[in-house]
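Here is the input, now give the coordinates:
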Amino acid sequence: MANYYATARSNYFKVKDKEKFQTLCNEIGVEMIERDNLVGFICSLDPDCGGLPSSKYNEETEDHDDIDICQEIYPHLCEGEVAVMTEAGYEKFRYVTGYALAVNWKGEEESISIDKIYELANKNLGGEHVTKAEY
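This is a model prediction of the structure:
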């Protein structure tokens, strides 16, 4: 069994309160980054937690609770802002994958996976036998 290794980050966006956003980043295990008057985050290069967070530690239960990263972030966004988060990862040479999520200040979400290319290749390029880049 091979391990999955990923890296992830966000774009930069305006938040209502940098200190509260920093607290969220600490809770979900990401590093807040700043540029000009904007913030974002990067995920650790630690192989055990390099992708976008999917849980956060609950001190009451002493366990991790599942989270929806978009739903955690959007309440912090200023009006008119959109957070875009990307993740890319691999498991040895079995596959390389990636996806992106976007959420606006109202909590509306969009997402796309790199696997969408297979659908597009079959539909738009006339591929009859497009195989996946994996084994």
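
after the lowest-mean-pLDDT helix or strand in the chain, next one along is what?
None of the helices or strands of the chain scores lower by mean pLDDT, DSSP states H and E than strand 55-58, at a mean of 86. Toward the C-terminal end, the helix or strand that comes next after strand 55-58 (DSSP states H and E) is strand 63-66.

what's that next one packed up against?
strand 55-58 (3 or more Cβ pairs under 8 Å, 6 or more residues apart in numbering; DSSP states H and E). The C-beta positions use only the backbone N, C-alpha and C, and glycine is treated the same way.

got the buried residues for the strand it packs on?
Using 16 or more other Cβ atoms under 10 Å as the burial criterion, the residues of strand 55-58 that qualify are Lys56.

Could I have the CA atoms of that strand written out in PDB?
In PDB, the C-alpha atoms belonging to strand 55-58 read as follows (Å, rounded to 0.1, in the frame of the first residue of the first chain):
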ATOM      1  CA  SER A  55     -11.000  17.700   9.900                       C
ATOM      2  CA  LYS A  56     -10.100  19.700  12.900                       C
ATOM      3  CA  TYR A  57      -9.400  18.600  16.500                       C
ATOM      4  CA  ASN A  58     -12.200  18.700  19.000                       C
END
